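Colleague: attaching a predicted model along with its sequence, questions to come.
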Amino acid sequence: MIVVGGGIGGLGAAFSLTRQGLAVRLLESAPAFGEVGAGIQLAPNCTRILDDYGLLQEAKSLGVVPDAMIMRDAVDGDELTRLDLRDLERRYGFPYLVIHRSDLHGLLLRACGRAGVELINDAQVTSYENTAVGARVTLASGRTHEAGVVIAADGLHSVARRLLVDDRPVSSAYVAYRGTVPADRERVKSVDLGEVVVYIGPGCHFVHYGLRGGEMLNQVAVFESPKALAGREDWGTPDELDAAFADTCDFVRDGLPFMWRDKWWRMFDRDPIMNWVHGRIALLGDSAHPPLQYIAQGAIMAIEDGWVLGEHVARHRAADGTPDWDAALAAYESVRPEHCRRVVTTSRAWGELWHLDGVPREQRNALLRARATADYSFVDWLYGPTALTPDQEPPMFEPIPLSSAIPRTAAQGTAA
Ligand SMILES: Cc1cc2nc3c(=O)[nH]c(=O)nc-3n(C[C@H](O)[C@H](O)[C@H](O)COP(=O)(O)OP(=O)(O)OC[C@H]3O[C@@H](n4cnc5c(N)ncnc54)[C@H](O)[C@@H]3O)c2cc1C
């Protein structure tokens, strides 16, 4: 079989399917395998799978297992709510882990190499088609590859997705700056590297956590770009970054000079689609469900997709071991699109909640402050075991209307 795309999704799928005894050829357009960016957060629904793959110990040795995740207001720096990540690990059975993207990617790449995945670079797929016995891809070079099935893990700008839907990435006009700070800098000495912290503010947010066993601090600064909103090409420049965070607390503003100020990323997602399979060609990862990053589940969903596919191959094969691809792909498509639809739409809603201003910001803060630390009702649907069938998909949480909250200022006013 063929996997197109050597990102986290493609490598995860290739490893999972090789575990089922399949011969996998992975085609990557870039001349070398690699990942850009800095940190990535892996919740228990991902570390559970890494453990099943025998890769969790290595992942833990490369990353940081933080003690707490804390949400603060970006304007006044006040704590709003927190998750005790040690308690969370006890609840879900697997840790919350933060890791450098290139370390996670390298870990999966080495695992694929050991498992015998045929890894091919400089292979840009330009078209896909079904054949009588499977599917075929054509490369920019004109060369073709054929297999019983093709998994398209070709990312946000997927070519394969066009077989299923005529859509475009949706721009949110938000822009991310990333950066890492070495542990010996004063900035890092002032933070607890065992904490994942997100500061949420009007039209912006700022995230930090430790990486590589505490060797460095990872920082992400995200804001709504006025130039992107106006449809201008020169969106997201460093002057916009500084202006967007001008009213945030000292700690957040002091972090901005440490961002990589020569590179920034526009935040896109796509509207959910419920059909990911076209004959023997199936979408996986960002090609199927690119999310906004607010609940940190994009790479996790991609890894879950590969795991679910592997499990269904194991369950749908003939006596001689040949996979029943039609049954395996149907089982995959019966469960993953609905879960990922929930993640994509919840990510959008979560981002809107983070970026509120004025009275709605105060109402949000009141709701977050009222949440009990050990209340997991908002994450149970995410962090539990990945569903293999629709009936295993946990129920969604009930959102609490903002209007039900009494903001602190109003409450104080009433009391006075
Ligand atoms: C700021 C930010 C923070 C994030 N934080 C988190 C987080 O904390 N946790 C989390 O789980 N997710 C996070 N995500 C999301 C996550 O990064 C992505 O969802 C994930 O990397 C998608 O992986 P993928 O393999 O599906 O796609 P990609 O990483 O896009 O990989 C696609 C691969 O396919 C190759 N390719 C593309 N086209 C072709 C072609 N035609 N032929 C051959 N090869 C091709 C590309 O070169 C690439 O290697 C974040 C995203 C952003 C932007």
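Modeller: Structure's in. What do you need?
Colleague: how near is the closest residue in space to Ala173 that isn't next to it in sequence to the ligand?
Modeller: Leaving out its chain neighbours, the residue that sits closest to Ala173 by C-beta to C-beta, 6 or more residues apart in numbering is Ala228, at 4.1 Å. (Each C-beta comes from the backbone N, C-alpha and C, glycine too.) To the ligand, Ala228 is 15 Å away according to C-beta to the nearest ligand atom, to the nearest Å.
Colleague: Ala228 in helix, strand or coil?
Modeller: At Ala228 the chain is in helix, as set by DSSP: H, G, I helix; E, B strand; the rest coil.
Colleague: now do the contacts for Val200.
Modeller: For the record, residue 200 is Ile, not Val. By C-beta atoms under 8 Å, 6 or more residues apart in numbering, the contact list for Ile200 reads Met71, Arg72, Asp73, Ala74, Leu80, Leu353, Trp354, His355.
Colleague: the closest residue to the ligand within the stretch 101-250 of the chain in helix, strand or coil?
Modeller: Proximity of the stretch 101-250 of the chain to the ligand (C-beta to the nearest ligand atom) peaks at Gly155, 2.7 Å away. Under the three-state scheme (three-state DSSP), Gly155 adopts coil.
Colleague: what residue lies at the spatial centre of this structure?
Modeller: Gly298 (2.2 Å; C-alpha atoms, centre = their mean).
Colleague: how close does the residue nearest to that residue when sequence neighbours are not counted sit to the ligand?
Modeller: Distances taken as C-beta to C-beta, 6+ apart put Pro291 closest to Gly298, at 5.0 Å, once the chain neighbours are dropped. Plainly put, Pro291 is 7 Å away from the ligand if you go by C-beta to the nearest ligand atom.
Colleague: and Pro291, what does it touch?
Modeller: Counting by C-beta under 8 Å, 6+ apart, Pro291 touches Asp269, Gln297, Gly298, Met301, Cys340, Val343, Val344, Ser347.
Colleague: cutoff 10 Å now
Modeller: By C-beta atoms under 10 Å, 6 or more residues apart in numbering, the residues touching Pro291 are 267-270, 272, 297-298, 300-301, 340, 343-348, 351.
Colleague: which ChimeraX command selects the buried ones in those residues?
Modeller: Applying 16 or more other C-beta atoms under 10 Å to the contacts of Pro291, the buried members can be selected in ChimeraX as follows:
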select :267,268,269,270,272,297,298,300,301,340,343,344,346,347,348,351
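Colleague: in helices, which of the contacts of Pro291 fall?
Modeller: The helices, defined by DSSP state H, take in Gly298, Ile300, Met301, Cys340, Val343, Val344, Thr345, Thr346, Ser347, Arg348, Gly351 from the contacts of Pro291.
Colleague: tell me how far the first one lies from Pro182.
Modeller: Spatial separation of Gly298 from Pro182 under the definition C-beta to C-beta, to the nearest Å is 27 Å.
Colleague: beta partners of the residue nearest to Gly39 when sequence neighbours are not counted?
Modeller: For Gly39, ignoring the flanking residues on the chain, the nearest one in space by C-beta to C-beta, 6+ apart is Asn218 at 3.5 Å. In this structure, Asn218 bridges to Thr180, Tyr209 when assessed by DSSP bridges.
Colleague: what's the burial count for Asn218?
Modeller: Other residues near Asn218 come to 26 when the count uses other C-beta atoms under 10 Å.
Colleague: for Ala330, same thing?
Modeller: If you count neighbours by other C-beta under 10 Å, Ala330 ends up with 13.
Colleague: mind starting the numbering at 34 from now?
Modeller: Got it, the first residue is 34 from now on, which makes the last one we talked about Ala363.
Colleague: could you report the neighbour count for the nearest residue to it once chain neighbours are set aside?
Modeller: Among residues not flanking Ala363 along the chain, Val310 sits closest, at 7.4 Å (C-beta to C-beta, 6+ apart). Using other C-beta under 10 Å, Val310 is surrounded by 19 other residues.
Colleague: so Val214 makes contact with Met292?
Modeller: Yes - using C-beta atoms under 10 Å, Val214 is in contact with Met292, at 9.5 Å.
Colleague: tell me the pLDDT of Gly70.
Modeller: With respect to pLDDT, Gly70 has a value of 74.
Colleague: state the pLDDT value of the closest residue to it other than its chain neighbours.
Modeller: Distances taken as C-beta to C-beta, 6+ apart put Arg134 closest to Gly70, at 4.9 Å, once the chain neighbours are dropped. Arg134 carries a pLDDT value of 94.
Colleague: now do Gly354
Modeller: At Gly354, pLDDT is 87.
Colleague: neighbours around it, how many?
Modeller: Count around Gly354 with other C-beta under 10 Å applied: 9.
Colleague: and it, which of the three is it?
Modeller: Applying three-state DSSP: Gly354 is coil.
Colleague: now do the same contact list for the closest residue to it other than its chain neighbours.
Modeller: Nearest-residue entry for Gly354: Gly54, 6.5 Å, with adjacent residues in sequence omitted and distances by C-beta to C-beta, 6+ apart. Contact analysis of Gly54 by C-beta under 10 Å, 6+ apart lists Val346, Ala347, Arg350, Gly354, Pro356.
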